[in-house]
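>>> Okay, here's the prediction I keep looking at, along with the sequence it came from:
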2 protein chains.
Amino acid sequence: MKNTNKVKIIPLGGLHEIGKNLTVIEYREDIIIIDCGMTFPEDEMLGIDVVIPDVTYLENNKNRIRGLVLTHGHEDHIGAIPYVMRKLDLDIYGTGLTIGLLENKLKEHRLSRDKLHVVNAGDVVKLGKMEVEWISVNHSIPDSCALAIKTPLGYIYHSGDFKVDFTPISGEPINLTRIAEIGKKGVLAMIGESTNVLRPGYTMSESKVGETFNRLFQSLQDNRIIIATFASNVHRVQQIINSAEKYGRKVVLSGRSMVNVTETARRLGQFRVKKDTFVDIKDMDKYDDSELVLITTGSQGEPMSALTRIAYGEHRKIQLTPNDAVILSATPIPGNENAVTKVINRLLERGAKVIYETLSEIHVSGHACQEELKLILSLVKPKYFIPAHGEVRHLMEHAKIATQMGIPEENIFIMENGNCLEISQKEAKLVGDVPSGNILVDGLGVGDVGNIVLRDRRHLSEDGLIIVVITITKEGKVVSGPDIISRGFVYVRESEDLIEDAKNVVRKILKEDSRENLKDWNGLKSDIRDNLRSYIFKNTKRNPMILPIIMEV
Amino acid sequence: MKNTNKVKIIPLGGLHEIGKNLTVIEYREDIIIIDCGMTFPEDEMLGIDVVIPDVTYLENNKNRIRGLVLTHGHEDHIGAIPYVMRKLDLDIYGTGLTIGLLENKLKEHRLSRDKLHVVNAGDVVKLGKMEVEWISVNHSIPDSCALAIKTPLGYIYHSGDFKVDFTPISGEPINLTRIAEIGKKGVLAMIGESTNVLRPGYTMSESKVGETFNRLFQSLQDNRIIIATFASNVHRVQQIINSAEKYGRKVVLSGRSMVNVTETARRLGQFRVKKDTFVDIKDMDKYDDSELVLITTGSQGEPMSALTRIAYGEHRKIQLTPNDAVILSATPIPGNENAVTKVINRLLERGAKVIYETLSEIHVSGHACQEELKLILSLVKPKYFIPAHGEVRHLMEHAKIATQMGIPEENIFIMENGNCLEISQKEAKLVGDVPSGNILVDGLGVGDVGNIVLRDRRHLSEDGLIIVVITITKEGKVVSGPDIISRGFVYVRESEDLIEDAKNVVRKILKEDSRENLKDWNGLKSDIRDNLRSYIFKNTKRNPMILPIIMEV
């Protein structure tokens, strides 16, 4: 008889990449989904809004899904849910802020919030034959958890995103005691995040940033202070509130997501704040510069964010003055460096003081560095280890650390999205792949933009396009055209000769081709395309898209 | 009588930006140009190859130009010369390698090399009423110099790009003695590079990298070693040669610019290398892995570079094996981080060892940090100071340092490209602007791609385009169409309904419009555009470019 006493681990996102985290855990007929995140498009994905994981495998196994369990409320863990929910009817479990943020998101997408379930750290939810336990950890958003999933073969430990912070701003330090207990009971496999694995040592405590804020508030007594940070970093906002209250300033929020997240966290009782600390942006003028601190979005230089609009003088309510001191309390995410630098330069040009990472300690990461990763590995003591949430270089380095910690190399699996790891009492092995990949979201379209569309966008973006239009009768007589229209290629007014010569290239083809050929439209089109391409390239060293259009009358 | 005893300093590039350095120095009727560099396009300059400075001002003052003097041979100092030479007939002066590299460049562009003049550090060239002296400095390319320009009002000191390296690989340390002498004689104004001004302390000596290479060569005894670095960093290549010879390896060069620059430097006697150290790439197979080191281009993840092709398995002569150790001896230039990371991940996926900056000390900068900048300021003792080569944040920080060094704030000028600083015996002041800006080079076109073309490329790149074609008789009767063609928008096959409905939107307009209106083509086109845009946006939340084309028969 076939041994069915097996656990399967199938990552559908988050491996060989940072973002769109989604892991599938299976035991016999039961499927649990851990997280369902999105990621931002790479540079070459022109015009794409967000990228989500391919969930074909889950669609094909709908009836086996017992629930989606969430570690925390960041976009790369919950951002794909509105898209996936249209295909899968899911019960969703998460902690207070996680579900609170998800609710906002589903409201925006006009989707049902009926199957959301709030859990607390320490809760255990039975899903099919498996049990999921939430264990609190520290991270750059409150209510973050690791997950211990009890299966008949032992625990699966999923680290979530975490750091070890012994002096966190609110709530408890990471629950090392419970992690140790789970480790002692026996962990079959651990899935461990790898974001900061290339950094030696420990990540600093969030409370370090508060000390810096206090120093800055003291030295910037006369200035209006503007601080940009991640809206979801509730503890960072709490620390700004603390400094504001300490130094007698009111707090003004700016930016849609800053207002939304802060409201949600307040509703959930996550802020310690005096009754009159918050001031509405429209009442800001009642206060002196020295009595205000503004907290805004835009720490990543996002084009439409509050800080960017402030920097470019386009914010309707906040005008920058030389008495403003702007603090960027965040590190640029790889790829955003230039955007952030531009905002900094604009702020400086407009006379503001700017305090940012290169010059000061105003940000700490939310992810564990090498020594913290070792600490967790030493407590969890997994039999099998799967480094996750990272590019290859991160996964490999995490594997190296696990080896140093005594996990045999053959028990460590550097997996790819779609790989299926099957674990029995006896062994663990890769047993083939399920569909996986990037689904591109562009406007309302989910997955309708693929390689051909992207290739065309790329082509159009580089050298523009030339359209050639000709009207031909059924008998093959040219009655109108060739007309040439171009966009994104050259200034037509300054290139009249080039366009006229291009028309002559087409006229020559029309003359040379016999009447019969003029009825072979495909042949005619490719003649026009080829001749025009080589003429244009020879004269401009550019390669625009060439679109011949033939109208029949 | 008007006092004409004045010096003018006019930067046409390199201020509020990193790159395309060009500074104009004037005394009465004489103009000297310092450097003439290019820069790479920003993300939003779609399809652009390089960016060069606007030299309209120089074209308008052709007869006054006495010469172009070069500090060193990097692209951001010499890269615009082939384009500017087409408009200006220039005598060009520079040190050996600088002119050697420029010669290669002009050969490629099929331009005359008749007016190039080689100078040595210490040489003085009289240009009109001014005299230019080259002073050797340390930098990441040999033969780098600062310039002391003697005018009747005192010296203008231009720092060039530099660092202070007391143990450089070849040649002399920066000539501090001569700089001190010039300072003592009296420097009217100093133009100082600011690239590394945000970094405290000192830049490490280039020779530090050699120590790391030796350690790596020792620990990688059995591996084939592949090192990617900047082709122009001749001293880095020299150090690789040193380690290769020490540990008994042959050196193979890969990548067009690596081969070209190294040949040029060899021809100029800039390498110390044994007769049989270099091996041609086609003879590589005669040697074991342990007997080879490959030096390649591609340290910035450039798509067509040798290292990228190796990483993607597309190099015709170099196949990667798990016995390869790849060293990236460079820091990613801002904006290139993601490209470099991708190459690293691909190399790791193919089983190679990869050693890069985050993990090891295998690169040092070529630019002075804060303490070095102070050292030079303390020797030059300029009356007026102009921080240059940097974004606003760099210029402001450099100004701050100059203030700390005792230069009065009112004697420090944070200038912009095109600003004109006029200095007399009595005072210095900004006296208006000359034309300046970015000239975009796309293929053979210099300056023919402007904002409208870029805006169209941007629009096309985001949501593609829809073309609507209709054939109408002179009497206003529709005889063919509407046809709809789209590119970069959606997969047409999966969106047949959308396209059919879009046609109906157009048909409705054609029906509603009276015969007279159908002759008002502009009105008809804008009706089609507006109606189609709102239909498409409502149904897809996308905003493609819409091009109505009406053919008359």
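Arrived safely, thanks for sending.
>>> and the closest residue to A:Lys282 other than its chain neighbours, how many neighbours?
Closest residue in space to A:Lys282, ignoring its immediate chain neighbours: A:Lys317 at 7.2 Å, by Cβ to Cβ, 6 or more residues apart in numbering or on different chains. C-beta: built from backbone N, CA, C; applies to glycine. By the measure other Cβ atoms under 10 Å in any protein chain shown, the count of residues near A:Lys317 is 14.
>>> repeat for A:Thr297
Neighbours of A:Thr297 (other Cβ under 10 Å): 24.
>>> A:Trp521 too?
14.
>>> sorry, back to before: for the residue nearest to A:Lys282, list the residues it contacts.
Counting by Cβ atoms under 8 Å, 6 or more residues apart in numbering or on different chains, A:Lys317 touches A:254, A:281-282, A:284.
>>> That one and chain B, how far apart?
Between A:Lys317 and chain B the distance is 25 Å, computed by Cβ to the nearest Cβ, to the nearest Å.
>>> Wasn't that residue part of a strand?
No - A:Lys317 is assigned coil when assessed by DSSP: H, G, I helix; E, B strand; the rest coil, not a strand.
>>> pLDDT score assigned to it?
You'll see A:Lys317 listed with a pLDDT of 92.
>>> measure it to A:Asp280 for me?
10 Å (Cβ to Cβ, to the nearest Å).
>>> Render the CA-only coordinates of the top helix by length along chain A in PDB, please.
Assignment by DSSP state H gives helix A:521-540 as the longest helix of chain A. The C-alpha coordinates for helix A:521-540 follow below in PDB (Å, rounded to 0.1, in the frame of the first residue of the first chain):
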ATOM      1  CA  TRP A 521      -1.400  41.800 -48.500                       C
ATOM      2  CA  ASN A 522       0.800  39.900 -46.200                       C
ATOM      3  CA  GLY A 523       3.600  39.800 -48.700                       C
ATOM      4  CA  LEU A 524       3.200  43.500 -49.400                       C
ATOM      5  CA  LYS A 525       3.200  44.400 -45.700                       C
ATOM      6  CA  SER A 526       6.400  42.500 -45.000                       C
ATOM      7  CA  ASP A 527       8.000  44.100 -48.100                       C
ATOM      8  CA  ILE A 528       7.100  47.500 -46.700                       C
ATOM      9  CA  ARG A 529       8.300  46.600 -43.200                       C
ATOM     10  CA  ASP A 530      11.600  45.200 -44.300                       C
ATOM     11  CA  ASN A 531      12.500  48.000 -46.800                       C
ATOM     12  CA  LEU A 532      11.400  50.700 -44.500                       C
ATOM     13  CA  ARG A 533      13.300  49.200 -41.500                       C
ATOM     14  CA  SER A 534      16.600  49.100 -43.300                       C
ATOM     15  CA  TYR A 535      16.100  52.600 -44.800                       C
ATOM     16  CA  ILE A 536      15.300  54.000 -41.300                       C
ATOM     17  CA  PHE A 537      18.100  52.200 -39.600                       C
ATOM     18  CA  LYS A 538      20.600  53.200 -42.100                       C
ATOM     19  CA  ASN A 539      19.600  56.900 -41.800                       C
ATOM     20  CA  THR A 540      19.000  57.100 -38.100                       C
END
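>>> Can you name the element that comes right after that helix?
Later in the chain than helix A:521-540, the nearest helix or strand by DSSP states H and E is strand A:545-552.
>>> quick one: is that next one near chain B?
Yes - under the criterion of Cβ under 8 Å from any Cβ of the partner chain, strand A:545-552 makes contact with chain B via A:545, A:547, A:549, A:551-552.
>>> what residues does that strand touch?
Residues contacting strand A:545-552 (Cβ under 8 Å, 6+ apart): A:456, A:459-460, A:463-474, A:480, A:521, A:524-525, A:528-529, A:532-533, A:536, B:467, B:469, B:471, B:480-481, B:483, B:485, B:487, B:549, B:551.
>>> Now go through those and say which are in strands.
A:465-472, A:480, B:467, B:469, B:471, B:480-481, B:483, B:485, B:487, B:549, B:551 (DSSP state E).
>>> Give the other helices and strands that the longest helix of chain A contacts.
Judged by 3 or more Cβ pairs under 8 Å, 6 or more residues apart in numbering or on different chains; DSSP states H and E, helix A:521-540 is in contact with strand A:465-472, helix A:496-512, helix A:515-519, strand A:545-552.
>>> quick check: domain ranges of chain A?
Using automatic domain parsing, the domain parsing of chain A gives A:7-201+A:365-425, A:207-359, A:451-552.
>>> and B:Asn242, which of those is closest to it?
For the domains of chain A, proximity to B:Asn242 was assessed by Cβ to Cβ; domain A:7-201+A:365-425 is nearest, at 29.0 Å.
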